[in-house]
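Q: sequence plus predicted model, see below.
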Amino acid sequence: MTRLSLPLIRCENVRKRHGHRRILRDVTFSVAAGEVLALLGANGSGKTTLLRIIAGLDRPDRGEVWLGPVPLSGAGPEIRRYVGVVAHAPLLYDRLTGSENLGFYARLYNLEDAGARIEHLLRSLRLWARRDDAVRTYSRGMSQRLAIARALLHDPPVVVFDEPDTGLDRQSLEDVSDLFRQLRGRGRAVFVTTHDTARAFSWADRVCELRNGCLQQNAESKRNG
Amino acid sequence: MMAELPQEGEQSRARAGLAGYFRVVWTVAEKDVRTELRAKEILGTMAAFSVLAAVIFGLAFDLRVPRTELVVPGILWVIILFAGVLGLHRSFGSETDRGTLTGLLLAPVERSALYLGKTAANLLYFLVVEALLVPALLILFDVNLLKPLILLGLLLGTIGYVAVGTLFAALTARNRARETLLPVLLLPVLAPLFISGVGLTAAVLDGRAASEAWPWIGIIALYDVLVFAVAFLIVDLIWEQG
Amino acid sequence: MNETAVQGGAGRWFALLLVFDAVAALAMIAATWAALLYAGDAINLAGVEQVAQRIFYFHIGSNIAALLGFLASLVGSLGYLISRRLVWDRWAAAGVEVGTIFGVFVLLSGAIWAKPAWNTYWTWDPRLTTATITVLIYIAYMLFRNGFENPDTRARFAGIYAIFAFLSVPLTYYSARLFRSIHPIVFDGANQEAQGGFSIGPTMGQTLAMAMIGFGLLFFALLFHRVRQMELESRIDAFRGEIVE
């Protein structure tokens, strides 16, 4: 059971430059199982870059990211199974239907019992009735929910969200808040970026802010307070 | 339910093996073809372009050339070259435009399998187009290209072309000038394929001995082998970071 | 920003670079003198061909420089992909740029010579074809680099392209050689079908050596200057980045 004390996400001294612009300077933080960490920051502050590094889409110039006990650098493709990503774009093929999209990703993730898992997700995200419609006919909120289903398809221990609140109506926002509660309850580590301070505090156990590429940990912790 | 933690050595548990690898290749290729059948972005354009180009070459050359066998090898390969460029850039262009490339890269699969799946789908488009083009050339120029050696050269040449083309399409997908740049990058690197393809087709049409055709096939096959070998070494570098 | 501080060392080498420039200039003057005045006439040529063959020293000299550029691009690209240090990428990029200039010069001098020797400016001889395709690949490489903002992405992708280009060039040569060759191979008379070949006397051999050294030095002088310029550019970008921050 000692493994449980390990944080699921651990960033140590992560540094990243784009050309000569320093995006991240020695960012260090960790997210434990059952914890939601919100990352605040203005546009272009490096939130998305940090998120991409955690998701293994980008490599830090220096520093290391650990998922559980496994360092991302030098890890094989299987490590990507432990992360689910809800990105800015929905990552869906708009010519394919909702269930075809999930079916495609389920095969890429080589899921056992994919049919049942897809049905469960589509039902719980209220997409079951529209499962055989092409994604390009979906509303923004529906695409977002399907994107969430795609990210949770393989039931990853680490889930990262890139500004999940942009362009959503109130109902969908509540869905997202609800989802965070569920993920926390099931012992997942959640990393979410946003630029809405109030929302960050309502969602998260801890709130940090990226400013000039440095992580400000001083933001008040809501739950422990 | 408790989250399943990643464990050291877990990645070596290689869920996949060779069968799993090709399952990924198949999944990606099947997805591409299925999307293409609905969107009709690539195949239709490539097919229409090649038939149109054959007609235009016919108008340009037919009356001036004593024997059409003299120009048909060149016409065949020029059309394939240009029609191919037309289709290839959509291969990754559509994935980057809609951000779905990120979805593919997030999957716990070897990236070379993604590349191979894309290559397989493109190969299918090319072969369909060629299956239209060869009869079109027969009708327009009265030159029969349906000879075993020509078809073998065409198949091998197309494989090499698609292998380089798909990789370069991935390279240019995030470049500012990608549509215009792809042919400029591709065509000079394809020179060995083009020269050998034309040489082979001409040799067979001239009715020369098969021993004169085989060196061409040899060069094309060597090109294919080299290209795939390097593509496999290099493909991870393309997508290692944004 | 340690890296930029180290690059600042470019200034230290500047005096040395100027000396090198002077040496290269002298070598080129000597090579030009030798090619036009010192080298003897070819034994088996007459008339216009006799005059035209003197361009051969510039042709071979440029060819050496173009080959060095090609080599620099490959070494620089591999170096970058292995070490991920942008210094290597600058050598690759500069090698291609300088190599392209000499490559174009090879093609032009060849065409000028070919008119009296072969009675045509252009032919699809394998060397000629390969040289032309290589220059086109260089040009594509430079255009490709243009389209990237991020210097690391640019270096990575350009390096990958350079490796494919390097692979395709010998195959281009072999496939073009399956067509009949008429290019003279000056150093051995083995190619019976070659036209316009000539035998080399002692003064011609010395001149050729001088031309190769002269063009080699000129290539390196231009290469060093271009790399230095690129380093300065990148420092300016770095300062600009700091000011913005």
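A: In hand now; what should we look at?
Q: what parts of chain C come near chain A?
A: With Cβ under 8 Å from any Cβ of the partner chain as the criterion, chain C comes near chain A at residues C:149-152, C:234, C:237-238, C:240-242, C:244-245. Any C-beta I mention is one placed from the backbone N, CA and C, and that applies to glycine too.
Q: among those, which are in helices?
A: Among the residues of chain C next to chain A, the members found in helices (DSSP state H) are C:151-152, C:234, C:237-238, C:240-242, C:244.
Q: restrict those residues to contacts with chain B.
A: Near chain B, taking Cβ under 8 Å from any Cβ as the test, the members of those found are C:Asp152.
Q: what's the ChimeraX line that selects buried ones from the ones in helices among the residues of chain C next to chain A?
A: This is the ChimeraX syntax for the buried subset of those, where burial follows 16 or more other Cβ atoms under 10 Å in any protein chain shown:
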select /C:151,152,234,238,241
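Q: how about the contacts made by the residue nearest the centre of chain B?
A: To find the centre residue of chain B, average its C-alpha atoms and take the closest one (Cα atoms, centre = their mean): that gives B:Val162, at 1.9 Å. When contacts are counted by Cβ atoms under 8 Å, 6 or more residues apart in numbering or on different chains, B:Val162 touches B:84, B:88, B:119, B:122-123, B:126.
Q: re earlier: can the ones in helices among the residues of chain C next to chain A go into a markdown table with extra columns for pLDDT?
A: Listed next are those as a markdown table, based on pLDDT from 0 to 100:
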| residue | pLDDT |
| --- | --- |
| C:Pro151 | 88 |
| C:Asp152 | 89 |
| C:Ser234 | 88 |
| C:Asp237 | 84 |
| C:Ala238 | 83 |
| C:Arg240 | 82 |
| C:Gly241 | 76 |
| C:Glu242 | 77 |
| C:Val244 | 72 |
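Q: if I look at the closest residue to chain A within chain C, how far off is A:His18?
A: Here the residue of chain C nearest chain A is C:Gly241; by Cβ to the nearest Cβ that distance is 3.7 Å. Going from C:Gly241 to A:His18 by Cβ to Cβ, to the nearest Å gives 9 Å.
Q: which other helices and strands contact the lengthiest helix in chain A?
A: Across chain A, the longest stretch assigned as helix under DSSP H is helix A:170-185. Judged by 3 or more Cβ pairs under 8 Å, 6 or more residues apart in numbering or on different chains; DSSP states H and E, the packing partners of helix A:170-185 are strand A:36-40, helix A:140-152, strand A:189-194, helix A:197-203.
Q: get me the contact residues on chain B for chain C.
A: By the criterion of Cβ under 8 Å from any Cβ, the positions of chain B lying close to chain C are B:164, B:167-168, B:171-172, B:174-178, B:181, B:184-185, B:187-192, B:195-196, B:199, B:215-216, B:219, B:222-223, B:226-227, B:230, B:234, B:237-238, B:240-242.
Q: residues contacting the residue nearest the centre of chain C?
A: In chain C, the C-alpha closest to the average C-alpha coordinate belongs to C:Ala66, at a distance of 1.6 Å (Cα atoms, centre = their mean). Remark: with contacts taken as Cβ under 8 Å, 6+ apart, C:Ala66 is in contact with C:99-100, C:102-103, C:105-106, C:131, C:134.
Q: and the pLDDT at it?
A: Per-residue confidence (pLDDT) for C:Ala66: 93.
Q: again with A:Ala219
A: The predicted local distance difference test score for A:Ala219 is 54.
Q: returning to what we had before: in the helix or strand containing the residue nearest to the centre of chain B, which residues are buried?
A: Secondary structure assigned from DSSP states H and E places B:Val162 in helix B:148-172. Buried residues in helix B:148-172, counted by 16+ other Cβ under 10 Å: B:149-150, B:152-154, B:156-172.
Q: nearest approach to C:Trp118 belongs to which of the helices and strands packed on helix A:170-185?
A: The stretch from those with the least distance to C:Trp118 (Cβ to Cβ) is helix A:140-152; that distance is 64.3 Å.
Q: report how far apart the opening and closing residues of stretch A:104-120 are.
A: Stretch A:104-120 stretches 16 Å from its first residue to its last (Cα to Cα, to the nearest Å).
Q: before we move on, back to that, who touches the residue of chain C closest to chain A in this structure?
A: Contact analysis of C:Gly241 by Cβ under 8 Å, 6+ apart lists A:19-22.
Q: show me what A:Arg21 is bridged to.
A: When bridges are taken as DSSP bridges, the partners of A:Arg21 come out as A:His18.
Q: and for it, the neighbour number?
A: By the other Cβ atoms under 10 Å in any protein chain shown criterion, the neighbourhood of A:Arg21 contains 18 residues.
Q: B:Ile42 now?
A: The number of residues near B:Ile42, taken as other Cβ under 10 Å, comes to 23.
Q: show the contacting residues for it.
A: Counting by Cβ under 8 Å, 6+ apart, B:Ile42 makes contact with B:36, B:87, B:90-91, B:125.
Q: remind me, longest helix of chain B?
A: In chain B, assigned by DSSP H, the helix with the most residues is helix B:111-141.
Q: got the angle for that helix vs helix B:148-172?
A: Using axes from the mean of the first three to the mean of the last three Cα atoms, to 10 degrees, the inter-axis angle of helix B:111-141 relative to helix B:148-172 is 130 degrees.
Q: now do the buried residues in helix B:111-141.
A: Residues B:111-126, B:129-130, B:132-134, B:136-137, B:140-141 are the ones in helix B:111-141 that count as buried (16+ other Cβ under 10 Å).
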